[in-house]
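Colleague: the following block contains a protein sequence and its predicted model.
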Amino acid sequence: MTQTATDKHRWTIVVADQEGDTANITENEHAHLHQLLRLGVRKLVGDHADPDQYDILIDGTVQDDLGRTLAQAGLHDHSEVLILPKDVSRG
C-alpha cells in the first residue's frame, strides 16, 4: 500500500489517562489541541464527559493554549499525551 500526500500529514497520537488506559487517535498534524482533547475524552471516558473538565498534558505540562496545532505543540506521529481531569492535573 502506498502512502498518499494526505496520509503523510495524518498522525496517530496515543492518548492515555491516569489509569493507564490508552487509545489511538488519528488526526491531521494541523488539527488543534482542543480537537485532540475532545476526541481523547470521548474515547477514554465516553460521550457523556465534558471535555472542558479535562486537561491535556504534553511532557507532564498542562497545555493552556488549546488553539495550537499538534505540530505547534511539538507533537509528532506516535506521540503520547495524557488526558486528566482538571482536579487531578491541577490538584
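Modeller: Right, received. Where do you want to start?

Colleague: wait, D17 touches L82, no?
Modeller: Yes - D17 sits in contact with L82 when judged by CB atoms under 8 Å, with a separation of 7.2 Å. Where you see a C-beta, it was placed from the backbone N, CA and C, and this is true even at glycine.

Colleague: strands of the chain, start to end?
Modeller: According to DSSP state E, the chain carries its strands in the segments 10-16, 22-28, 54-58, 61-62, 80-85.

Colleague: what's the weakest-modelled helix or strand in this structure?
Modeller: Across the helices and strands of the chain, mean pLDDT, DSSP states H and E gives its lowest value to helix 5-8, namely a mean of 62.

Colleague: ok, the most centrally placed residue in the chain - contacts?
Modeller: Computing the C-alpha centroid of the chain and ranking residues by CA atoms, centre = their mean puts L36 first, at 3.9 Å. Contact partners of L36, counting by CB atoms under 8 Å, 6 or more residues apart in numbering, are I13, V15, I25, E27, I56, L70, V81.

Colleague: what is the nearest of those residues to S89?
Modeller: The closest of these to S89 turns out to be I56 (CB to CB; 8.9 Å).
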